[in-house]
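Enquirer: sequence first, then the predicted structure, then my questions.
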Amino acid sequence: MNNRIYLFTAPVRSGKTTQLLDWSATRNDVGGFLTPDKDGLRILYDVQKKIVHPFQADEESKEDTVAIGRFCFLKQGFEAGKTLLRNVISNPVPWFIVDEVGKLEIEQGKGFEPELSATIAHYHQEKETGNLLLLIRDSLLNKAIDQYKLQGATILTGKLSIT
């Protein structure tokens, strides 16, 4: 099989996103999105275009939002991520990052769904030559593997170790 799917996993707030920001900063072969904190709120960062999209709603936000746990996210942020997921199928890159596959996707079929499932299915195909890198918190790893049929994926734990 030509495709490679990687699952980068560690506990919540352990630096997964920061490691990927550092790793991708010096590369020109990476697409997808990361969700780092900026000024106390999560943003959605387009890795390839280096564009920032609002993602986490602030207290005054009147826009459409989605609540999960203690967070409230803007639907427009999810739409920006979904657009990137749709686009990678027709415009592949050597590395595509999704930060993150979380409770909304796994337990509720929301968030970046259904585009996330379609992208994963695309990378399962033998003809795909790129690499898909999914960030998944350790407590959701087994659920994600079962739901998205990721049993053959390479699991990276704690420290990022890919070139």
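Expert: Here it is on my side, so go on. Note that the structure is predicted; figures quoted are calculated from it, not measured. Numbering: from 1, shown residues only.

Enquirer: for the chain, which segments count as helices?
Expert: Ranges of helices in the chain, per DSSP state H, are 16-25, 75-90, 103-108, 115-124, 141-148.

Enquirer: for Arg42, which of the ones you listed is the nearest?
Expert: Closest to Arg42 of those is helix 75-90 (Cβ to Cβ; 8.1 Å). Every C-beta, even on glycine, is put in place using the N, C-alpha and C of the backbone.

Enquirer: and the closest one, how far out from the chain's middle?
Expert: Offset of helix 75-90 from its chain centre (Cα atoms, centre = their mean, to the nearest Å): 10 Å.

Enquirer: pLDDT weak spots in this structure?
Expert: Where the chain drops to pLDDT under 70, the residues are 1-3, 61-62, 128, 163.

Enquirer: which residue is nearest the middle of it?
Expert: Val98 (1.8 Å; Cα atoms, centre = their mean).

Enquirer: thinking again about what came up before, including mean neighbour count, could the helices of the chain go into JSON lines?
Expert: Below are the helices of the chain laid out as JSON lines (neighbours: other Cβ atoms under 10 Å):
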{"stretch": "helix 16-25", "mean neighbour count": "18"}
{"stretch": "helix 75-90", "mean neighbour count": "18"}
{"stretch": "helix 103-108", "mean neighbour count": "17"}
{"stretch": "helix 115-124", "mean neighbour count": "19"}
{"stretch": "helix 141-148", "mean neighbour count": "16"}
